[in-house]
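Undergrad: Mind folding the following:
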Amino acid sequence: MTPMSPVATALAKLRPGFAGRLLEPADAPYDDARHVHNGLVDKRPAFIAECRGSADIADAVRLAQDLGLEIAVRGGGHNVSGRATCNGGALIDLSHMKGVRVDPEAKTARVEGGVLWKHFNREAQHFGLATTGGVVGTTGVAGLTLGGGWGWLMPKHGMALDNLLSVDLVLADGKIVKASGAEHPDLFWAVRGGGGNFGVAASFEFVLHDVGPMVTGGLVAHPFDHARDVLRFLRDTAASAPDDMMLVGGLLTAPDGATKLAGIVVGHFGSPEAAAAAVQPIKQFGSPALDAMGPIPYVQLNGLLDESLPRGARNYWKSHFVPALTDDVIDVLVASYARRPSAMTQIVIEHFHGAATRIAPTATAFALRAPGFNILILGQWKDAADDRANIAWVKETSAALQPLSGNHVYVNYLDADETGDAALTQVYGPNVKRLRELKKKYDPKNVFRLNVNIPPA
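TA: Below is the predicted model:
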């Protein structure tokens, strides 16, 4: 008989009391369970702990350390970098923890670490409630929130992390704590933007707001020949946008897979009358090839982009934050998109304004509080044979945009090759020193390092 490996032996001892499922490479479900959203990422953990609660997480964290294994944590698994999995380490998988409990009287929600935004929105919208979170329904609540959490409600209600009331965390020593304004407030400050550096987030408590169920929003798209005019119009409209309105510009391809378009997507959360007046100039501008802007269910608005980001597609991203959408920036984006190698690729331009920008950069670990435009160069394709051409295009576009960009980067858009002190400074700015001190306090051995890592002081 072949002796069991140390990992197999340890898992056999843990299984009887483990509420979830422990998978090894030889197990039939393992191959499907190891994959994340980005098809470019292909890693093989030593084992996968599909957790059902905080006790499972704590046991998995302790076991991984006993075995000397690195730890990766997966919530929704949507992050482009592939940091939600690992080669030869322990994958702590929260994707089966999908509980959502809404308290409509208190206007709060408690959600588990594996919940996707489409699940969250479905439950909250049953009561006509919502909080800021994502524009793609298949994105995980945990990763998006811990790294910032931009979404349609950002101008009116701040980032997702600005709506957090508390987080239940499993620390590196397996201890389970609550971080909030009253309990471990320093840890609560750190996790609001500090990602998974300080522990595994088992659940979140959010404040909710009256939203929907019907809002005003959708897409207006123009022929690509008019892209420069469309992006200049986006810039001019953004200059006077109210807090009720979120604006996103995009260079994209029509469903026919060939026709390039320039679009503006809007979410407006004021009164129907104010919304109709605000979007009317957008609908009347130029000669749109498509006008799908008007009354829309909030849950549908949040899923509007889901089909354009299919699971398993190969992704490579870069992002830049620009204080202003200047003509020079627009020229770079339009010229680059004109030669994009894949019809699945997009350039997304997100307007930062309103409530999220009126919070001090040091009030939470999340330091990107400046008004401006976040530009995402979203390279996406299907065939591995096209990897080199698509990655090269993203890098070339990013390099052309770099001289025109500011000093900020949105952490959730960093790809796997963006690490180290330079990335930390761009993401956390004045907060790096305090974050490193808190890392030393809560994770001195840097157990949670498979992320945009904050090394202990």
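
Undergrad: Doesn't residue 22 belong to a strand?
TA: Yes: when DSSP: H, G, I helix; E, B strand; the rest coil is applied, residue 22 is found to be in a strand.

Undergrad: Show me what it is bridged to.
TA: For residue 22, the beta-bridge partners under DSSP bridges are residue 49.

Undergrad: before we move on, what SS does the closest residue to residue 287 other than its chain neighbours have?
TA: Distances taken as CB to CB, 6 or more residues apart in numbering put residue 222 closest to residue 287, at 7.3 Å, once the chain neighbours are dropped. All C-beta atoms are positioned from the backbone trio N, CA, C, and that covers glycine. On the three-state scheme (three-state DSSP), residue 222 is labelled strand.

Undergrad: Identify each buried residue in whichever strand or helix holds residue 281, please.
TA: If you go by DSSP states H and E, residue 281 is part of helix 272-284. Of the residues in helix 272-284, 275, 278-279, 282 count as buried by neighbour count, 16 or more other CB atoms under 10 Å.

Undergrad: Among these, find me the one that's closest to residue 367.
TA: In terms of CB to CB, no member of these lies closer to residue 367 than residue 278, at 29.9 Å.

Undergrad: For residue 250, name its beta-bridge partners.
TA: Beta-bridge partners, per DSSP bridges, of residue 250: residue 263, residue 348.

Undergrad: tell me the contacts of it?
TA: With contact set as CB atoms under 8 Å, 6 or more residues apart in numbering, residue 250 has these partners: 262-265, 346-349.

Undergrad: can you give me the helices for the stretch 101-250 of the chain?
TA: 117-125, 141-146, 154-157, 185-191, 227-238 (DSSP state H, counting those that start in this stretch).

Undergrad: Mind putting the ones you listed into TSV with mean pLDDT?
TA: As requested, the helices of the stretch 101-250 of the chain are exported to TSV (pLDDT from 0 to 100):
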stretch	mean pLDDT
helix 117-125	96
helix 141-146	96
helix 154-157	97
helix 185-191	98
helix 227-238	98
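
Undergrad: And these: which comes nearest residue 11?
TA: So among those, helix 141-146 is nearest, using CB to CB, at 24.4 Å.

Undergrad: Would you agree residue 281 is in contact with residue 237?
TA: Yes: in this structure, residue 281 is within contact of residue 237 by CB atoms under 8 Å, at 7.0 Å.

Undergrad: domain assignment for the chain?
TA: 9-93, 100-211, 214-413 (automatic domain parsing).

Undergrad: What is the end-to-end distance of the second one?
TA: Taking CA to CA, to the nearest Å, domain 100-211 runs 18 Å from one end to the other.

Undergrad: same thing with the first one?
TA: Domain 9-93 stretches 20 Å from its first residue to its last (CA to CA).

Undergrad: which residue sits closest to residue 217, ignoring its sequence neighbours?
TA: For residue 217, ignoring the flanking residues on the chain, the nearest one in space by CB to CB, 6+ apart is residue 267 at 4.2 Å.

Undergrad: How about residue 218?
TA: Among residues not flanking residue 218 along the chain, residue 293 sits closest, at 3.8 Å (CB to CB, 6+ apart).

Undergrad: same thing with residue 339?
TA: Spatial nearest neighbour of residue 339, chain neighbours left out: residue 393 (7.4 Å); criterion: CB to CB, 6+ apart.

Undergrad: Can you give me the buried ones in the helix or strand harbouring the one you found?
TA: In this assignment (DSSP H and E), residue 393 forms part of helix 387-401. Burial within helix 387-401, assessed by neighbour count using 16+ other CB under 10 Å, is assigned to 390-391, 393-394, 397-398, 400-401.

Undergrad: okay, those in JSON lines with distance to residue 231 and pLDDT next?
TA: Shown next, in JSON lines, are the buried residues of helix 387-401 (distance: CB to CB, whole Å; pLDDT from 0 to 100):
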{"residue": "390", "distance to residue 231": "23", "pLDDT": "98"}
{"residue": "391", "distance to residue 231": "25", "pLDDT": "97"}
{"residue": "393", "distance to residue 231": "19", "pLDDT": "98"}
{"residue": "394", "distance to residue 231": "19", "pLDDT": "98"}
{"residue": "397", "distance to residue 231": "15", "pLDDT": "98"}
{"residue": "398", "distance to residue 231": "18", "pLDDT": "96"}
{"residue": "400", "distance to residue 231": "15", "pLDDT": "97"}
{"residue": "401", "distance to residue 231": "13", "pLDDT": "96"}
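
Undergrad: how about CSV for those, with distance to residue 24 added?
TA: Shown next, in CSV, are those (distance: CB to CB, whole Å):
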residue, distance to residue 24
390, 34
391, 32
393, 39
394, 36
397, 41
398, 39
400, 46
401, 44
